[in-house]
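Visitor: Just to be clear, the model below is a prediction. Sequence and coordinates:
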Protein chains: 2
Amino acid sequence: MQQETKRGTLVVLSGPSGTGKGTVCGVVRNHLGDAVRYSISATTRKPRTGEEHGREYFFFTKEEFETLRDQNGFLEWAQVYDNYYGTPRAFVEEVLASGKDCILEIDPQGALQVRKATDEAVLVFIAPPSLEELRSRLTGRGTESAEEVEKRLSCAESELAYRDKYDYIIINDDVETAAAKMEAILLAEKCRSARNLDLK
Amino acid sequence: MQQETKRGTLVVLSGPSGTGKGTVCGVVRNHLGDAVRYSISATTRKPRTGEEHGREYFFFTKEEFETLRDQNGFLEWAQVYDNYYGTPRAFVEEVLASGKDCILEIDPQGALQVRKATDEAVLVFIAPPSLEELRSRLTGRGTESAEEVEKRLSCAESELAYRDKYDYIIINDDVETAAAKMEAILLAEKCRSARNLDLK
C-alpha cells in the first residue's frame, strides 16, 4: 500500500535582530535536513550581484507583484519604501504539499497577516533571555555603531510587544537548547489530533 | 538571582487497552526521570495485598471521598459498581507546583471532566495504527479469551470515537517513536507563549 504523504507544517518565525533566529534554524536544518525548507520571498527590488531568481528571492516587476497581490496570491506582503516584499502562497503550498515543513521568517506585522490568511500557521517567536543580554550581543558583534545598537534595541522592544500573539516563545539562551525546542514544536505539531484522525 | 520554578504540565493520557500507553510512558519516564510523575488516584475500594496508601492509590472511605468530592476536590471522579475512583486536585497541584509534569492516565469520560475542571490540561490520545493491529496485539498476548478480545476491541472502538476531543494523537506503531513524540509534546508545551511572557 502506498504511504500517503502527510502535509508539512507552516512555521512563521519572528524575533528581534540579534536573538539568533538564523543560527537556531541552521542547527534545526542541520538535524532535519531536507525535511525543512525556508520560504522564498518575492520582491520588486532589483537583484544584487550573485542573487538568483527563485533562490534568494523571486524577482517580480511592480506590475507582476500587484497582479498577484490582487489575486490574493500572497500570504502576506508589505511595501518598504519603493519596493514590495511578499510571501507567494503557491511556493509555500508546494513545499507543504510535498510533506516538508516550511519556515517563513518575517516580522510580527507579516506574521499576523499570515495568521489571518491561513489557519494552519504555527507562530513561533524567538526571544532573547533579556534586553540586557540582547544589548550585549549586539554590542559584542562589533559591527554596529552605538547609535545603531540603540536603534535595534528600540526596534526589538517594539517586536517583543507582539510576542503574546504567537503560539510559542523560544527563549534563546543556548542555541542547542533552542533548536531542540524548535524541533520539539515541529514534531508535536505533527501529532495535533486534527492531523491524525485517519485510522486504517 | 534565584531561578523561579516553572510550573509543570498536566498531561491527560488515554487510549484503548493494548495500545501500549504504559510502555510508552515507561520509556518517557526512563528518559526524563523524576521530571515526570504519575498522578495517584483515590478510591474507596479496599487495598489489595501489597498496595500502599499514597503509592498505588489513596484509599478513602466512602464518606471521606464524598466530602472531598462535594468540596470540588477532584479533577474527575466516577463510580464503578460500588466504588468511587477519582483524581485528587491537591496531589496534582503539588506535583505541578514543584515544576514536574504530571501524567494522568484515564478514560475519555474522565479526560473530558478534567478538560472542564481546568484549562491547563493537555489531552493526549494514544491510538493503535489500526483496529486490525490492535486485534493482533490483544490476541498475541495470549492472556485473553477470544470473547475477551472482542469485548476489548468493541471498547477500543468506543474510546477511539473520542479521539478528536484530544489535543494530540500519538499513533503507536513503534514504542521509541511514540515516546519521542510524547517527549516532544512535553517540551513544546513548555514553550507555549502564555508560559514564556516574562522577560528579565
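Guide: Received, thanks. Note that the structure is a prediction, hence the values are computed from the model and not measured.
Visitor: If we go by neighbour counts, what in stretch A:64-71 is buried?
Guide: Applying a neighbour-count criterion of 16 or more other Cβ atoms under 10 Å in any protein chain shown, one finds A:65, A:68, A:69 buried in stretch A:64-71. C-beta here means a position set from N, CA and C on the backbone, and glycine is covered the same way.
Visitor: Now flag whichever of those is closest to residue A:152.
Guide: Residue A:152 lies nearest to residue A:65 out of the buried residues of stretch A:64-71, by Cβ to Cβ, at 28.4 Å.
Visitor: Without its sequence neighbours, what residue ends up closest to that closest one?
Guide: Sequence neighbours aside, residue A:84 is the residue nearest to residue A:65 in space, at 4.7 Å (criterion: Cβ to Cβ, 6 or more residues apart in numbering or on different chains).
Visitor: Near chain B, which residues of chain A? Just list them.
Guide: For chain A, the residues found near chain B under the criterion Cβ under 8 Å from any Cβ of the partner chain are A:124-125, A:127, A:129-132, A:160, A:163-171, A:180-181, A:183-185, A:187-194, A:196-197, A:199-200.
Visitor: Could you rerun that using 6 Å?
Guide: Along chain A, the residues adjacent to chain B under the rule Cβ under 6 Å from any Cβ of the partner chain are A:130, A:164, A:166, A:168-170, A:181, A:184-185, A:187-188, A:191, A:193, A:196-197, A:200.
Visitor: Not counting whichever strand or helix holds residue A:138 itself, show me its contacts.
Guide: Mapping residue A:138 onto the secondary structure by DSSP states H and E places it in helix A:131-141. If you take Cβ atoms under 6 Å, 6 or more residues apart in numbering or on different chains as the criterion, helix A:131-141 is touched by A:18, A:128, A:149, A:152, A:153, A:156.
Visitor: Keep only those of the residues you listed that are in helices.
Guide: Assignment to helices by DSSP state H places the following of those there: A:149, A:152, A:153, A:156.
Visitor: do you know how far the last one is from chain B?
Guide: Applying Cβ to the nearest Cβ, to the nearest Å, one obtains 10 Å for the distance of residue A:156 from chain B.
Visitor: With just CA atoms, put the least confident helix or strand in chain A by mean pLDDT into PDB.
Guide: The helix or strand of chain A with the poorest confidence is helix A:131-141; it has a mean of 88 (mean pLDDT, DSSP states H and E). Included here for helix A:131-141 are C-alpha records, laid out as PDB according to Å, rounded to 0.1, in the frame of the first residue of the first chain:
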ATOM      1  CA  LEU A 131      17.100  43.100  26.800                       C
ATOM      2  CA  GLU A 132      20.400  43.500  28.600                       C
ATOM      3  CA  GLU A 133      21.600  40.200  27.100                       C
ATOM      4  CA  LEU A 134      20.400  41.400  23.600                       C
ATOM      5  CA  ARG A 135      22.300  44.700  24.100                       C
ATOM      6  CA  SER A 136      25.500  42.800  25.000                       C
ATOM      7  CA  ARG A 137      25.100  40.500  21.900                       C
ATOM      8  CA  LEU A 138      24.500  43.400  19.600                       C
ATOM      9  CA  THR A 139      27.500  45.300  21.100                       C
ATOM     10  CA  GLY A 140      29.700  42.200  21.000                       C
ATOM     11  CA  ARG A 141      29.200  41.700  17.300                       C
END
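Visitor: Sitting in helices, which of the buried residues of stretch A:64-71 do you find?
Guide: When DSSP H is applied, the buried residues of stretch A:64-71 are split such that A:65, A:68, A:69 fall in helices.
Visitor: If anything else comes up later, I'll come back, but that's it for now.
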